[in-house]
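# A structural model of the following input is requested.
(chains A and B)
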There are 2 protein chains.
Amino acid sequence: MTDLDQRLGDVFRVVDDHRDLYVQWLQELCRIPSVAAQNRGMEEAAQQVRRYLEALAAGPAEAGGTVQLVPTSGFPVVYAEFPGTSPRTLLFYNHYDVQPEDPVELWHYPPFGAEIHDGVMYARGVADNKGNLIARIAAVHALKQALGELPLRVKFVAEGEEEIGSVHLPEFCRNHPDLLQADGCIWEFGYKDAEGRLQVYLGVKGILYVELVCRGASQDLHSANAAIVPNPAWRLVQALNTLKDPATGRVQIDGFYDDVEPPTEQDEAMLAQMTYSEEAMKQRLKIPAFVNGVTGQDLKRQLVFSPTCNICGLTSGYQGEGSKTVLPSVARAKLDFRLVPRQDPHKILAQLKEHLRKHGYGDIEVIEWGLEHPARTRPGETIARSVAAMAEKVYGQAPNVLPSSAGTGPMYEVCHRFGTPAVSVGVGNFASNNHAPNENIRVEDFVQGIKLMAAVMLDFAQRDLDLGTR
Amino acid sequence: MTDLDQRLGDVFRVVDDHRDLYVQWLQELCRIPSVAAQNRGMEEAAQQVRRYLEALAAGPAEAGGTVQLVPTSGFPVVYAEFPGTSPRTLLFYNHYDVQPEDPVELWHYPPFGAEIHDGVMYARGVADNKGNLIARIAAVHALKQALGELPLRVKFVAEGEEEIGSVHLPEFCRNHPDLLQADGCIWEFGYKDAEGRLQVYLGVKGILYVELVCRGASQDLHSANAAIVPNPAWRLVQALNTLKDPATGRVQIDGFYDDVEPPTEQDEAMLAQMTYSEEAMKQRLKIPAFVNGVTGQDLKRQLVFSPTCNICGLTSGYQGEGSKTVLPSVARAKLDFRLVPRQDPHKILAQLKEHLRKHGYGDIEVIEWGLEHPARTRPGETIARSVAAMAEKVYGQAPNVLPSSAGTGPMYEVCHRFGTPAVSVGVGNFASNNHAPNENIRVEDFVQGIKLMAAVMLDFAQRDLDLGTR
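Okay, the predicted model is just below:
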């Protein structure tokens, strides 16, 4: 038994002994409805996270640590730093905000109840991303309990605006580059696939989130006027229809694909070993087929490497029960574009506006709700190999390492801008329902996730150090 | 002074003396939120109308009358019949239901407060159609007070489902054809134009009101899935876009225009004398131009003679403040088609379904919310000439007689099916905001409207009778 295995065994026993405490921390945090989009419970959640981190700094270890709420123009960033014995620094990036819980009527349990049923905890934000945040805090707690010290320097950055596009995080990153210096970063999310195999993500897509607002008459009118008064709902439908080819799904905005980096041979190899449970997913979602009938490697490539143009919401006129004969005065569409390296969200926004203008829809207002760059880490980076090795140890099976998630996060601002390689892994599962009703994680996955984080801290503290590489 | 003028003078004095009472009746009725689409206050409103009519039947006139609530599979029809001295029968068609009051935040006064400010009464339903219903009840009251009897047999039909497409009125009409026998009908609505000139309508458009429901995955998903999971909001946008040519606005459903009757020379002549205050309307609505830039006779023809395909509402995904990155599971559009003689709403519904099927959208569910036939009365009918003559007497100016309203009502079921000519006239004004926030009428228009109804009863009782024509 190696020294690492010995220490892993000690830490895992501490985790098992404190299992109820860690579950309780997670429930406490999930019961705070920290919906950034609606400015609910944000201060309370930030303070709660600060309290957990302060308890770690005040723990048995001599060295302690520092915790602060760093103000931004929006919600504050909870920042913490704990010294350790290796020259290495590991950064944990998380967020304490969650998506809105609507449609509430589709939840089987209260969205902010954090109830556990058959070993599954249900709560808005439990998978995205409070389960991961608490798992990392718990891992630091367990390491300190087991070893009396941390094996490397650990930093926590928990922002409060991830679900609204990390609006003020770039400001934080530019004002506090020193706080972000690290040798590797563990990003905020991760899941097991339908076969129970852990997924490790080496990147994120970027995003452009906009709202299109089309205005007609100054007020809603009796729809008898439709014969002569312009209808903004029709106009919005027609404008939206110019954005995408209905047959191919291809985005029709000039230049949209210009900067897209095609997958490399290594990317294709990673895709090939990625499992995507098509039949299970189709059954769960009750859909007959995926977009354009893609399947196999094509489906995986499309998921990971294709940019999107998605309608997140449509609103106009009467939406109640039955009929109301109205000519609406305004129509709105919320759109998100998921972007891949090296698409630039600012450039795409300009192209979108130009597209609307060119097609005669220059009067449609474009509200920016969020812009983020895509980012990707090379699979040979030390942090990537450390996570893969420890995952195999903890889960008894090699993880699927994927070139990128289909989702988005501010990885570019937090990591890639400073040259920090980042890897994302977490405690969610194939049916965690992020951003949807009945969001959940399995309690067992949460406990395993704590162990993985402790193992990565121990392993990354020393991996490759003797080789003089990083 | 003719005998008619003498009697008009007597009745008008009674109207002026009872002005406050009639305004109070109207306020009482407007304070009942009888929204059929939401099943609010319907029983209360029906009972209140019944009470007004029963008070007339119990009034000073010897002959009395009968009042009943006739049940249907939906809301009941309030029916009343009062005997009179002429062999003629006049039917008043009205409704006691109103449109929903949303968006409530745009009202300056409570939608069910019936407050009067600067001589204007504000309430949902005051123009459409409670002001007209009470004006007719008040006119019968005044005639009975002034003359001790009615000059002709009068029938009231007040239904409770006009604003939801008169769903069960055809059932009532087929089960009770005897109750609907009449020599002429005064229809439910009417307005003054921006110059203050009374509009008289000889017909209504038909309607087909449907909701299109497009379904995707069984639940809302994180929008990262948009790369591979079909989005019903996109699909709905694309399906809607096949319905109408964006450049011309022409409906693209095969056969849609096949049965449309073009305007006759007499129709064109009526359109020519119709006033439509284009500049005032554009200013009020804050629109730069009408659909396709139409103006003048073309605009009036389009308003009165063109069928429409209008989006009344769009709903999908996230519609709250800020951003939520969601892939919606369902998207809905509410559409109304205004139809002109001789389009058949059942045929148009079948054509719409076939259109969707043919364009590959056969999976989109089509919910029927209402179907009504168009109807039109010839300008030479006695009731049409009576209304025009009495309007000139009461308002001191010839009214604009229009071939049809741009709006819809069950005139075909109530009148044309039985050969009863119908004319629509009422107490609204150019800015009455039917179906929109701040619906209103001017109190003076209400009082004049009572006088017109009394005059029409007196005139129609004897007009053309000596000629043996009807």
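# Next SSE downstream of the helix or strand hosting A:Arg301?
In this structure, A:Arg301 sits in helix A:296-305 according to DSSP states H and E. Towards the C-terminus, the helix or strand next in line after helix A:296-305, according to DSSP H and E, is strand A:310-317.
# what about the strands in the stretch 301-450 of chain A?
Using DSSP state E, counting those that start in this stretch, the strands of the stretch 301-450 of chain A run over A:310-317, A:326-327, A:330-339, A:365-372, A:375-376, A:400-402, A:422-424, A:440-442.
# before we move on, the earlier item: pLDDT of the helix holding A:Arg301, averaged?
If you average the pLDDT over helix A:296-305, you get 96.
# Which elements pack onto that helix?
With contacts taken as 3 or more C-beta pairs under 8 Å, 6 or more residues apart in numbering or on different chains; DSSP states H and E, helix A:296-305 sits against helix A:265-273. No exception for glycine: its C-beta is placed from N, CA and C like everyone else's.
# So which residues make contact with the helix it packs on?
A:Pro263, A:Gln297, A:Lys300, A:Arg301, A:Val304, A:Phe305, A:Pro379, A:Asn400, A:Val401, A:Leu402, A:Pro403 (C-beta atoms under 8 Å, 6 or more residues apart in numbering or on different chains).
# export those to a markdown table and tack on neighbour count?
Output for the contacts of helix A:265-273, formatted as a markdown table (neighbours: other C-beta atoms under 10 Å in any protein chain shown):
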| residue | neighbour count |
| --- | --- |
| A:Pro263 | 17 |
| A:Gln297 | 13 |
| A:Lys300 | 24 |
| A:Arg301 | 19 |
| A:Val304 | 24 |
| A:Phe305 | 21 |
| A:Pro379 | 19 |
| A:Asn400 | 21 |
| A:Val401 | 21 |
| A:Leu402 | 23 |
| A:Pro403 | 25 |
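# quick one: which two of the residues you listed are the most distant?
Spatial extent of these (C-beta to C-beta) is set by the pair A:Gln297 and A:Pro379 at 17.9 Å.
# A:Tyr109 - how many residues pack around it?
For A:Tyr109, the neighbour count with other C-beta atoms under 10 Å in any protein chain shown is 16.
# check contacts around it.
A:Glu115, A:His117, A:Tyr122, A:Asn438.
# Tell me the spacing between it and A:Val126.
Using C-beta to C-beta, to the nearest Å, A:Tyr109 is found at 11 Å from A:Val126.
# Name the nearest of the contacts of helix A:265-273 relative to B:Met281.
Ranked by distance to B:Met281 (C-beta to C-beta), these are led by A:Phe305 at 52.3 Å.
# Find the residue closest to the closest one in space, skipping its chain neighbours.
The spatial neighbour of A:Phe305 that comes closest, neighbours along the chain excluded (C-beta to C-beta, 6 or more residues apart in numbering or on different chains), is A:Pro263 at 5.1 Å.
# Assign the one you found to helix, strand or coil.
Following DSSP: H, G, I helix; E, B strand; the rest coil, the label given to A:Pro263 is coil.
# Give me the residue ranges of chain A where confidence is low.
Residues of chain A meeting the criterion pLDDT under 70: A:1, A:59-63, A:466-470.
# Outline the domain layout of it.
As assigned by automatic domain parsing, chain A contains the domains A:3-204+A:374-467, A:206-260+A:307-372.
# Kindly tell me how buried A:Lys462 is, as a neighbour count.
Just so we're on the same page, residue A:462 is Gln rather than Lys. Using other C-beta under 10 Å, the number of residues around A:Gln462 comes to 16.
# Test my guess that it contacts A:Ser86.
Yes - assessed by C-beta atoms under 8 Å, A:Gln462 is found in contact with A:Ser86 at 6.3 Å.
# shared neighbours, those two?
By C-beta under 8 Å, 6+ apart, A:Gln462 and A:Ser86 have these common neighbours: A:Pro151.
# returning to what we had before: relative to A:Val294, how far out is the residue nearest to A:Phe305?
15 Å.
# Quick check: the residue nearest to A:Glu381 when sequence neighbours are not counted vs A:Arg463, distance?
Excluding the flanking residues, the one nearest A:Glu381 by C-beta to C-beta, 6+ apart is A:Pro421, at 3.9 Å. For A:Pro421, the distance to A:Arg463 equals 13 Å [C-beta to C-beta].
# where do the contact lists of the two overlap?
Taking C-beta under 8 Å, 6+ apart as the contact rule, A:Pro421 and A:Arg463 both touch A:Thr382.
# which ones are touching the closest residue to A:Ala391 other than its chain neighbours?
Nearest residue to A:Ala391 in three dimensions, chain neighbours excluded: A:Pro399, at 4.2 Å (C-beta to C-beta, 6+ apart). Listed by C-beta under 8 Å, 6+ apart, the contact set of A:Pro399 reads A:Arg197, A:Leu198, A:Gln199, A:Val200, A:Val387, A:Ala388, A:Ala391, A:Glu392, A:Val425.
# coming back round to it: would you format the strands of the stretch 301-450 of chain A as CSV with distance to A:Ala247 included?
Listed next are those as CSV, based on distance: least, C-beta to C-beta, whole Å:
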stretch, distance to A:Ala247
strand A:310-317, 17
strand A:326-327, 31
strand A:330-339, 20
strand A:365-372, 26
strand A:375-376, 30
strand A:400-402, 29
strand A:422-424, 34
strand A:440-442, 37
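# A:Tyr191 contacts A:Val200, doesn't it?
No - shown here, A:Tyr191 and A:Val200 do not form a contact pair, counting by C-beta under 8 Å, at 10.2 Å.
# who has more neighbours, those two?
Between A:Tyr191 and A:Val200, counting by other C-beta under 10 Å, A:Tyr191 is the more crowded of the two (24 against 21).
# Return the set of residues that bridge with the more buried one.
A:Gly428 (DSSP bridges).
# swap in the one 10 residues further on?
Beta-bridge pairing of A:Tyr201 under DSSP bridges involves A:Leu402, A:Ser424.
# now swap in the one 5 residues further on and tell me
Each beta-bridge partner of A:Gly206 is listed here: A:Leu339, as defined by DSSP bridges.
# My guess is it contacts A:Glu372. True?
Yes - A:Gly206 lies in contact with A:Glu372 (C-beta under 8 Å); the separation is 4.9 Å.
# contacting residues around stretch A:286-304?
Residues outside stretch A:286-304 that contact it (C-beta under 8 Å, 6+ apart): A:248-249, A:263, A:268, A:271-272, A:274, A:276, A:278, A:282, A:402-406, B:216-218, B:225, B:227-230.
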